[in-house]
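**Student:** quick one, structure for this:
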Amino acid sequence: GDTLEAWGRNFTTHAQCGAISRMVELGVSAQDRRIWAVEVSSRPGEEDGRPSLRLVGNIHGDEPLGRQMGPYFADWACQGWARGHPDAVRLVEGLKLV
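**Tutor:** Below you'll find the model as predicted:
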């Protein structure tokens, strides 16, 4: 499978991040490939009216930085939340990061 999909599955089942994350299938691409996202939230999967922050990357194949930013940001949010970093806690508790 795709390396980002594999990363997402590992991230959402990891002991530290699994409780605050889940994989979400957004749809199918024009090439008939599944489009995945990782949600990071203190209440993943719950529709509770909190605003969402969506970080979109990998739109164009020649822009690899966007492909890397999603996993880096999700990891920062998870690790920071686990350590009690005020900015990460505020984001994970107050928003749905997708």
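**Student:** pLDDT below threshold where in this protein?
**Tutor:** 1, 61 (pLDDT under 70).
**Student:** the strands in it, which residues?
**Tutor:** Assigned by DSSP state E, the chain shows strands spanning 21-28, 34-40, 52-53, 96-97.
**Student:** looking at the ones you listed, which is buried most?
**Tutor:** Most buried of these, by mean neighbour count (mean count of other CB atoms under 10 Å): strand 96-97, with a mean of 24. (Glycine included, C-beta is placed from N, CA and C.)
**Student:** so which elements touch that one?
**Tutor:** strand 34-40, strand 52-53, helix 64-83 (3 or more CB pairs under 8 Å, 6 or more residues apart in numbering; DSSP states H and E).
**Student:** follow-up on the earlier one: would you turn the strands of the chain into CSV with distance to residue 62?
**Tutor:** Below are the strands of the chain laid out as CSV (distance: least, CB to CB, whole Å):
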stretch, distance to residue 62
strand 21-28, 22
strand 34-40, 19
strand 52-53, 25
strand 96-97, 26
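**Student:** between those strands, which one is nearest to residue 80?
**Tutor:** Closest to residue 80 of the strands of the chain, according to CB to CB: strand 34-40, at 10.5 Å.
**Student:** okay, the angle between that closest one and strand 21-28?
**Tutor:** 150 degrees (axes from the mean of the first three to the mean of the last three CA atoms, to 10 degrees).
**Student:** then strand 34-40 to PDB, C-alphas only?
**Tutor:** Extracted in PDB, the C-alpha atoms of strand 34-40 (Å, rounded to 0.1, in the frame of the first residue of the first chain):
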ATOM      1  CA  ARG A  34      -8.800   6.000  -1.900                       C
ATOM      2  CA  ILE A  35      -8.100   9.400  -0.300                       C
ATOM      3  CA  TRP A  36      -7.200   9.100   3.400                       C
ATOM      4  CA  ALA A  37      -6.900  11.600   6.200                       C
ATOM      5  CA  VAL A  38      -5.800  11.300   9.800                       C
ATOM      6  CA  GLU A  39      -8.000  13.100  12.400                       C
ATOM      7  CA  VAL A  40      -6.300  14.200  15.600                       C
END
